[in-house]
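Chemist: Would you be able to build a 3D model of this:
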Amino acid sequence: MSTLYIKNMVCNRCIMVVQNEMDKYGLSVKNIKLGEVTLKKELSNDEKEIVENALIQLGFELIDDKKSRIIEQIKNVIIDLVHHQDSEIKNNLSDVLSNKLHHDYSYLSNLFSEIESTTIEKYFIAQKIERVKELLVYNELSLSEIAFRLNYSSVAYLSNQFKKVTGLTPSHFKQIKEDKRKPLDKV
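Modeler: Now for the predicted structure:
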């Protein structure tokens, strides 16, 4: 077995693209998840180089060093938590990361800050704000429902954090997005 750690795998579509690439080269995948592919057999150096070049063409990158793998795992856990598992967001982030990555949170936090020049918390907030933007654009949930889903203590707190990060209130952001969209019959 061989495990490849892949940078920039951030969504289910990425998983599908990487799976297709592995299939294209006849590589049997045992398991695939965000940032990680476990193959049924070890890759030769030539196979690894072919896969690496193919992934680069698709905007991905193989990660070889341990610290970079941990950083990518932190990002993938946060992305998965915020964008795919709204109910799990109610757990303490430090506990979730420690449990999933099997490292002390202070180690993860210091490593992340050292490599990324930002904190895990700021990265988490940025991902939450991106999720809020996405949900606002879908226009299926009220701001109260979005705040609840993303575990904000109040709509006011969500609005303040949104404005701090984007410079806009959620309602202004939503209005701008609606103004830019044209009905299909007007395109």
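
Chemist: quick one: contacts for Gln161?
Modeler: Neighbour list for Gln161: 125, 128-129, 152 [criterion: Cβ atoms under 8 Å, 6 or more residues apart in numbering]. For every residue, glycine as well, the C-beta is placed using N, CA and C.

Chemist: Any chance of those residues in TSV with secondary structure and distance to Thr169 as columns?
Modeler: Converted to TSV, the contacts of Gln161 look like this (DSSP: H, G, I helix; E, B strand; the rest coil; distance: Cβ to Cβ, whole Å):
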residue	secondary structure	distance to Thr169
Ile125	helix	16
Lys128	helix	16
Ile129	helix	12
Tyr152	coil	14
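
Chemist: between the residues you listed, which is closest to Phe162?
Modeler: Ile129 (5.9 Å; Cβ to Cβ).

Chemist: follow-up on the earlier one: quick one: which of the contacts of Gln161 is most hemmed in?
Modeler: Counting neighbours by other Cβ atoms under 10 Å, Lys128 comes out on top of the contacts of Gln161 with 23 neighbours.

Chemist: ok, that residue to Leu150 distance?
Modeler: 6 Å (Cβ to Cβ, to the nearest Å).

Chemist: quick one, strands of this protein?
Modeler: Under the criterion DSSP state E, the chain carries strands at the ranges 2-7, 29-33, 36-39, 61-63.

Chemist: To Leu168, which of those strands lies closest?
Modeler: strand 2-7 (30.3 Å).

Chemist: Give me the average confidence score over the closest one.
Modeler: For strand 2-7, the mean pLDDT works out to 89.

Chemist: by how many degrees do that strand and strand 29-33 diverge?
Modeler: 30 degrees (axes from the mean of the first three to the mean of the last three Cα atoms, to 10 degrees).
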